[in-house]
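1. any chance you can model this:
(one chain, ligands or ions: 3)
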Amino acid sequence: MTVLLKSQQEIAKMRIAGTLASEVLDYITPFVKPGVTTGELDTLCHNYMVDVQHTIPAPLNYAPPGYSPYPKSICTSVNHQVCHGVPGQKILKSGDIVNIDVTVIKDDYHGDTSRMYYVGEPGIQARRLCEITYEAMWRGIEEIKPEKHLGDVGHAIQQFAENHGYSVVREFCGHGIGAKFHEDPQVLHYGRAGTGLKLRAGMIFTVEPMINAGKAPIRALADGWTIVTKDHSLSAQWEHTVLVTETGYEVLTVSAGAPPKPVFRS
Ligand code: MF3
Ligand code: CO
Ligand code: CO
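-> Ligands and ions are numbered 1, 2, ... in the order given. Next comes the predicted model:
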């Protein structure tokens, strides 16, 4: 496993790409309303990225080994969809929760971030799942510091999610990111404190826990991309791209509309 340490020039480019990715999520926020289709959200984001930002939507035609090329520019994962939901004709209705995951390429570097959106008024359980998942991501991020381990990140996320009666998806994880969309290391959202890769300043990776209200198992739909919970329980995910600094961490996927770090519950 080769974990690249980014130079100051690369970090500067990653800050720009991260901000732009987050700004796509800001841009789309007012459009996430009952009656809109996920395909319309994809078209809006695509045009914003290409025409306004002059960024490249990294998902479009992305084809890792064993996958057919991804056909759209963003991922939209609704309700029991865990991740990689392919935008299409699905009409969003009040009470739905949807994860929108955006990855842009600017000046050869990637920024990758996702948020949960409420369509109209969320139910109490959907809101709680989204909030707990958000705090779980941040509890993982708060562990990031040189000399700490990736297992500390995964452990913090898993412990918090499971303490609230939820389960952590195992099959997908965070990832190193830079000139490549997905590179080493793999960032598991579960694990044991003090184990795994030791963090060093200059590493950049995502933290993107997928948390299910029910059981952890997942399956893929026939489109080859969309992942759903096996038990059809609700699933939530948030994602940031994070730099390890000399003293801790810097979240790179920030913009005016990015929600702040939450006040941690006890
Ligand atoms: N953005 C996703 C991630 O966080 C990856 C999506 S791959 C795609 O890693 F092809 F589905 F877009
Ligand atoms: Co990612
Ligand atoms: Co992503």
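
2. which residues does the closest residue in space to residue 73 that isn't next to it in sequence bridge with?
-> Among residues not flanking residue 73 along the chain, residue 57 sits closest, at 3.6 Å (CB to CB, 6 or more residues apart in numbering). Any C-beta I mention is one placed from the backbone N, CA and C, and that applies to glycine too. For residue 57, the beta-bridge partners under DSSP bridges are residue 104.

3. what residues are up against residue 57?
-> 45, 46, 49, 50, 73, 74, 102, 103, 104, 105 (CB atoms under 8 Å, 6 or more residues apart in numbering).

4. distance of it relative to residue 125?
-> From residue 57 over to residue 125 the distance is 32 Å, taken as CB to CB, to the nearest Å.

5. leaving out sequence neighbours, find the closest residue to the spatially most central residue of the chain.
-> With distances taken as CA atoms, centre = their mean, residue 239 lies nearest the centre of the chain, 2.7 Å away. Sequence neighbours aside, residue 208 is the residue nearest to residue 239 in space, at 3.5 Å (criterion: CB to CB, 6+ apart).

6. the one you found reaches residue 103, doesn't it?
-> No: with contact taken as CB atoms under 8 Å, residue 208 and residue 103 are classed as non-touching, separated by 11.0 Å.

7. need the residues touching each of the two.
-> Counting by CB under 8 Å, 6+ apart, the residues touching both residue 208 and residue 103 are residue 112.

8. which of these two has more residues huddled nearby?
-> residue 103 (30 against 25; other CB atoms under 10 Å).

9. state the distance from that one to ligand 1.
-> 5 Å (CB to the nearest ligand atom, to the nearest Å).

10. and this protein, which of its residues are near ligand 2?
-> For the chain, the contact set with ligand 2 under CB under 5 Å from the ion comprises 112, 206.

11. 8 Å instead?
-> Proximity of the chain to ligand 2, by CB under 8 Å from the ion, involves residues 101, 103, 112, 114, 174-175, 177, 181-182, 206, 208, 239, 241.

12. any chance of those residues in TSV, plus distance to residue 19?
-> Below are the residues of the chain next to ligand 2 laid out as TSV (distance: CB to CB, whole Å):
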residue	distance to residue 19
101	16
103	13
112	12
114	15
174	19
175	20
177	14
181	18
182	20
206	15
208	18
239	15
241	10
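
13. does the residue nearest to the centre of the chain really touch residue 113, like I thought?
-> Yes: taking CB under 8 Å as the definition, residue 239 is a contact partner of residue 113 at 5.2 Å.

14. quick check: the residue nearest to residue 73 vs ligand 3, distance?
-> 12 Å (CB to the ion, to the nearest Å).

15. any common contacting residues for residue 239 and residue 113?
-> By CB under 8 Å, 6+ apart, the residues touching both residue 239 and residue 113 are 101, 253.

16. ok, back up a step: between the contacts of residue 57, which is nearest residue 192?
-> Proximity of those to residue 192 (CB to CB) peaks at residue 103, which lies at 29.5 Å.

17. pull out the buried members of the contacts of residue 57.
-> For the contacts of residue 57, a burial check counting by 16 or more other CB atoms under 10 Å picks out 45, 46, 49, 73, 74, 102, 103, 104, 105.

18. how about the contacts made by the residue nearest to residue 239?
-> 112, 114, 137, 172, 173, 174, 187, 189, 237, 238, 239, 240.

19. same deal with residue 216?
-> By CB under 8 Å, 6+ apart, the neighbours of residue 216 are 167, 168, 169, 170.

20. can you tell me which of those residues is nearest residue 224?
-> Of the contacts of residue 216, the one sitting nearest to residue 224 (CB to CB) turns out to be residue 169, at 17.9 Å.

21. that closest one and residue 81 touch, don't they?
-> No: taking contacts as CB under 8 Å, residue 169 lies outside contact range of residue 81: 11.7 Å.

22. who has more neighbours out of the two?
-> Between residue 169 and residue 81, counted using other CB under 10 Å, residue 81 has the larger neighbour count: 25 against 22.

23. what score does the more buried one have for pLDDT?
-> pLDDT, residue 81: 99.

24. how about the contacts made by it?
-> 99, 226, 227, 228, 235.
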